[in-house]
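Chemist: Here is the input, now give the coordinates:
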Amino acid sequence: MRIDSIASNSGLGKIISQLDPEAARTVETAEREDKLNCLSVATGIDARELLALLAHGTGYPLLTAFDPEVEESAGFPERLIHSCGALPIHPPEECEAGSLCLATLWPPSERIKQWVYAVCGQEVQWFLVEPRKLIAVITSNFGVGAASLDESDSEGIGGAAKEEEEDENAAIIRFVNDVIQQAMRDRATDIHFEPRKEHLDIRYRIDGRLVPVRVPANLVNFQSAIISRIKIMSRMNISEKRRPQDGRITYGKGRQEVDVRVSTLPTMYGESVSMRLLNEQSQPTSIQELGFLPDDAERINRVLDLPHGIMLITGPTGSGKSTTLASFMRQIGTPERRIITVEDPIEYEIPQINQTQVNSEIGLTFASALRSVLRQDPDVIMVGEIRDRETADIAVRASLTGHLVLSTLHTNDAPGAIVRLVDMGIEPFLIASSVKMVIAQRLIRRLCQNCAVPDDTPIEVIRSCLMTLGVDPARADAADGLRLPAGCDSCSGLGFRGRVGMFELLQVDEAIHSLIVQRASAHDIRRQALSNGMRSLQACGWEHAAHGQSALSEVMRYAEMAETSGE
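Modeler: Down below sits the predicted model:
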């Protein structure tokens with residue numbers, strides 16, 4: 001159904017008439033489950049308000065809650081459930097007797113009505129519901145893309161259905177698109193296709209945790225075709241199955257565009273595929289959005305304003321180092337500064353920044369690229385990672401010759417970065433003179449702000465937790481902002497939505513400078529930094545919990561993991 005016809009009898013008409021042709025075309029061509037979101041993006045109006053306008057304009061009742069007939073929907077083909085975005089529901093009060101009640105995420109077209117009537121053979125009453133709620137029910141009960149790989153015939157849908165019947169290749173394309181689109185809706189950062197002996201697993205990483213995806217039972221029959229489709233999309237060699245490969249996909253259009261980094265790895269039962277989703281629109285754009293506390297943000301800004309020196313960000317893989325660097329780059333990327341980066345790979349495209357991709361196959365390593373960058377008259381240099389002595393040596397010398405250098409290291413905490421540079425062979429006096437700040441970081445889940453409830457944990461238990469975290473137990477008396485996860489539609493019942501960073505800032509002052517020159521241990525440097533006022537990762541986590549950004553249980557979970565791993 002066209003949006004202009006929907007709008008004829010509602011206030012939506014005026015809104016749609018103001019859309020530019022490209023935006024209107026985007027809404028028209030979007031998948032049914034994405035139309036409302038596309039219209040919301042194009043108009044800047046909340047999706048729920050638009051859904052109410054749609055209901056008024058079309059005459060289809062709007063349901064804020066519905067009771068799906070999952071078990072009784074066997075007579076309603078899964079192909080229609082997925083392709084039409086419709087699901088049988090228990091009749092609400094306003095449903096006419098004897099009618100089949102269907103919840104839908106977008107007003108049905110005449111063709112869809114004909115298909116449904118041909119299959120069901122009875123009158124149908126349609127109800128509009130929030131797309132997010134309906135998609136969640138369909139996915140949890142029927143899997144992702146089940147209709148795409150349906151091998152059964154669509155008898156009873158009529159001649160129109162036969163014209164729409166597609167071959168296996170088209171079904172594979174549709175299935176892969178369904179998996180990616182569902183991952184985007186679930187805010188997943190990674191998609192993993194993992195071949196097993198008798199089945200193919202698909203898992204999303206959402207807020208740092210792996211979540212199994214319900215998939216069709218016959219998925220293993222299409223394993224090779226699915227992997228080949230992903231390799232074609234990412235411009236890999238589909239005939240090469242013995243070696244790992246890397247590729248890239250730009251998926252979607254306009255504001256919904258997502259950069260997907262793809263990696264394949266040969267395993268016992270086939271190629272494992274990992275897809276990293278990088279959504280430019282969803283990335284934090286300021287230091288505060290990352291989770292830095294106000295006093296830490298002020299100290300970071302002072303270092304970013306320096307004309308020379310090194311700022312290092314440390315942490316394990318997946319701790320958000322690249323996102324933090326990207327936010328720093330956005331902040332200092334002004335016309336007055338020439339900024340050049342050397343990355344592997346380029347994860348975020350940043351305006352007014354010159355970004356260089358490492359290519360080891362042609363000898364363009366971090367070290368060789370960094371040498372060339374120094375001849376490009378930069379003010380600020382960002383090195384994706386310091387991996388060896390040569391890169392570290394050039395970075396240190398660049399900072400000493402009037403450049404601000406930002407980079408990352410893989411260490412457990414901030415003081416460990418200093419010791420790591422010494423281990424690489426960099427002279428301690430050079431490190432002490434060049435490094436201005438080291439930031440260690442981790443990620444914990446952020447509480448869903450729509451459903452979090454007050455935490456009534458006894459004060460004695462909170463004090464005990466603070467002692468474990470290394471925080472003054474007396475701080476528990478002022479912790480009136482503690483909250484617990486509850487779960488709602490917005491967070492899919494998890495109680496958490498997104499993640500927030502815990503940070504540990506080591507600033508090199510005179511005392512730390514002296515310890516570095518003396519080749520002091522990481523333990524001694526850490527003890528001095530804490531006495532100077534450095535806030536530990538655990539203490540930062542407590543601040544987030546005390547202000548209702550995260551839950552105390554999340555901070556304690558990190559502390560237990562850190563203790564187990566020996567951090």
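Chemist: ok, now which ones touch residue 441?
Modeler: Shown in contact with residue 441 (C-beta atoms under 8 Å, 6 or more residues apart in numbering): 313, 314, 315, 319, 320, 321, 324, 501, 502, 503, 504, 537. For every residue, glycine as well, the C-beta is placed using N, CA and C.
Chemist: Give me the most central residue, the protein.
Modeler: residue 189 (3.7 Å; C-alpha atoms, centre = their mean).
Chemist: mind checking which helix or strand of this structure has the lowest mean pLDDT?
Modeler: Least confident helix or strand of the chain, by mean pLDDT, DSSP states H and E, is helix 159-164 with a mean of 44.
Chemist: Tell me the helix or strand right after that one.
Modeler: Reading on from helix 159-164 to the C-terminus, the next helix or strand found by DSSP states H and E is helix 168-185.
Chemist: List the buried residues for that following helix?
Modeler: Within helix 168-185, the residues that qualify as buried are 171-185, counting by 16 or more other C-beta atoms under 10 Å.
Chemist: What's the mean pLDDT across that helix?
Modeler: Averaged across helix 168-185, pLDDT comes to 84.
Chemist: and that helix, how far from the chain's centre?
Modeler: Between the centre of helix 168-185 and the centre of its chain there are 18 Å (C-alpha atoms, centre = their mean, to the nearest Å).
Chemist: thought residue 86 was touching residue 80?
Modeler: Yes - contact criterion C-beta atoms under 8 Å: residue 86 and residue 80 qualify, at 6.7 Å.
Chemist: Show the contacting residues for residue 405.
Modeler: Residue 405 is in contact with 309, 310, 311, 380, 381, 382, 383, 395, 398, 399, 434, counting by C-beta under 8 Å, 6+ apart.
Chemist: Wasn't the fifth one part of a strand?
Modeler: Yes - counting by DSSP: H, G, I helix; E, B strand; the rest coil, residue 381 is found in a strand.
Chemist: Count the neighbours of it for me.
Modeler: Look at residue 381: counted by other C-beta atoms under 10 Å, it has 24 neighbours.
Chemist: Tell me the confidence at it?
Modeler: Model confidence at residue 381 (pLDDT) stands at 96.
Chemist: ok, for it, nearest residue in space, not its chain neighbours?
Modeler: residue 405 (5.0 Å; C-beta to C-beta, 6 or more residues apart in numbering).
Chemist: thinking again about what came up before, sort out for me which of the contacts of residue 441 are in helices.
Modeler: In helices, defined here by DSSP state H, the members of the contacts of residue 441 are 321, 324, 537.
Chemist: now, which of those residues sits nearest residue 356?
Modeler: residue 321 (18.2 Å; C-beta to C-beta).
Chemist: And the closest one, how close does it get to residue 500?
Modeler: Residue 321 sits 15 Å away from residue 500, going by C-beta to C-beta, to the nearest Å.
Chemist: And for residue 56?
Modeler: From residue 56 over to residue 500 (counting by C-beta to C-beta), the distance is 39 Å.
Chemist: Wasn't residue 202 part of a strand?
Modeler: Yes - residue state for residue 202 (three-state DSSP) corresponds to a strand.
Chemist: so it makes contact with residue 180?
Modeler: No - counting by C-beta under 8 Å, residue 202 does not reach residue 180; the two are 10.9 Å apart.
Chemist: Check the contact lists of the two and give me the overlap.
Modeler: With C-beta under 8 Å, 6+ apart as the test, residue 202 and residue 180 both reach residue 191.
Chemist: Report the contact partners of residue 428.
Modeler: 422, 516, 517, 518, 519.
Chemist: Distance to residue 49 and secondary structure for those residues - can I get that in TSV?
Modeler: Shown next, in TSV, are those (distance: C-beta to C-beta, whole Å; DSSP: H, G, I helix; E, B strand; the rest coil):
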residue	distance to residue 49	secondary structure
422	59	helix
516	57	helix
517	62	helix
518	64	coil
519	63	coil
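Chemist: and of the residues you listed, the nearest to residue 555?
Modeler: Distances from residue 555 to the contacts of residue 428, taken by C-beta to C-beta, are shortest for residue 516, at 30.2 Å.
Chemist: And for that closest one, nearest residue in space, chain neighbours not counted?
Modeler: residue 432 is the one closest to residue 516 (C-beta to C-beta, 6+ apart), at 4.1 Å.
Chemist: Distance check, the one you found against residue 421.
Modeler: Distance of residue 432 to residue 421, given as C-beta to C-beta: 10 Å.
Chemist: Comparing the two, which residue is more hemmed in?
Modeler: When residue 432 and residue 421 are compared on other C-beta under 10 Å, the one with more neighbours turns out to be residue 421, at 28 against 18.
Chemist: What number of residues are in the vicinity of residue 229?
Modeler: Residues near residue 229, counting by other C-beta under 10 Å: 18.
Chemist: So what does it look like in phi/psi?
Modeler: phi -60, psi -40 (degrees, to the nearest 10).
Chemist: The one 3 residues further on now?
Modeler: Reported as degrees, to the nearest 10, the phi and psi values for residue 232 are phi -70, psi -40.
Chemist: for the contacts of residue 405, which one is nearest residue 44?
Modeler: Distance to residue 44 across those (C-beta to C-beta) is lowest for residue 382, with 33.3 Å.
Chemist: Pull the number of nearby residues for that closest one.
Modeler: 26.
Chemist: same check, this time on residue 44
Modeler: 7.
Chemist: which SS state does residue 445 fall under?
Modeler: strand.
Chemist: Tell me the spacing between it and residue 551.
Modeler: According to C-beta to C-beta, residue 445 and residue 551 sit 8 Å apart.
Chemist: Now for these two: what residues contact both?
Modeler: With C-beta under 8 Å, 6+ apart, residue 445 and residue 551 have common neighbours residue 496.
Chemist: Now tell me what touches stretch 226-239 from outside.
Modeler: Residues from elsewhere that reach stretch 226-239 (C-beta under 8 Å, 6+ apart): 172-173, 175-176, 193, 200, 219, 245-249, 260, 262, 264, 270-271, 273, 275.
Chemist: Give me the buried subset of those residues.
Modeler: Judged by 16+ other C-beta under 10 Å, buried ones among the contacts of stretch 226-239: 172-173, 175-176, 193, 200, 219, 245, 247-249, 260, 262, 264, 270-271, 273, 275.
Chemist: residues in contact with the residue nearest to residue 516?
Modeler: Counting by C-beta under 8 Å, 6+ apart, residue 432 has contacts 508, 512, 513, 516, 517.
Chemist: what about the strands in the stretch 151-300 of the chain?
Modeler: 190-195, 200-206, 209-212, 245-251, 258-267, 270-278 (DSSP state E, counting those that start in this stretch).
Chemist: now these as CSV including mean pLDDT and distance to residue 469?
Modeler: Shown next, in CSV, are the strands of the stretch 151-300 of the chain (pLDDT from 0 to 100; distance: least, C-beta to C-beta, whole Å):
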stretch, mean pLDDT, distance to residue 469
strand 190-195, 95, 29
strand 200-206, 93, 26
strand 209-212, 90, 22
strand 245-251, 88, 39
strand 258-267, 92, 35
strand 270-278, 92, 31
